[in-house]
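Chemist: Sharing a model that was predicted from the sequence below.
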Amino acid sequence: MSQRTEINRIRAVLQEQGRTQTWLANRLGLAFATVNGWCNNRGQPYLTDLVRAAELLEVAPADLIVDGTKKERGLTANHQTSSIFA
């Protein structure tokens, strides 16, 4: 069984805000299965959907994306960086 690579942080941001996948799916007008796929990194949102999700969650789009370069530099996932969208 291969380990799935985490590409987005949508599930984490939803949990941090106390929101559900159903809430996001309803607000975006998408099927729950679509948002669930994003949250489990089985699929990824189109850029337009990522931006819409970020607006609904009141975060920068970059906050919904895992920065793979952090792992390469040995930084933890909790390491905060400034955002160009701030």
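Modeler: Perfect, thanks for sending it.
Chemist: so L50 touches A60, yeah?
Modeler: No. Between L50 and A60 there is no contact, the gap being 10.7 Å when judged by C-beta atoms under 8 Å. C-betas here are computed from N, CA, C, even on glycine.
Chemist: So which of these two has more stuff around it?
Modeler: It is L50, of L50 and A60, that has more neighbours when counted by other C-beta atoms under 10 Å, with 18 against 15.
Chemist: for that one, what are its contacts?
Modeler: When contacts are counted by C-beta atoms under 8 Å, 6 or more residues apart in numbering, L50 is found next to 8, 61, 64-65.
Chemist: Buried only: go through those residues for me.
Modeler: By neighbour count, with 16 or more other C-beta atoms under 10 Å, these hold 8, 61, 64 as buried.
Chemist: Give me the pLDDT value at D67.
Modeler: Confidence at D67, expressed as pLDDT, is 81.
Chemist: The spatially most central residue of the chain: what's it in contact with?
Modeler: Taking C-alpha atoms, centre = their mean as the criterion, I10 is the residue nearest the geometric centre of the chain, at 2.5 Å. Applying C-beta under 8 Å, 6+ apart to I10 gives the contacts 24, 35, 38-39, 45, 53, 64.
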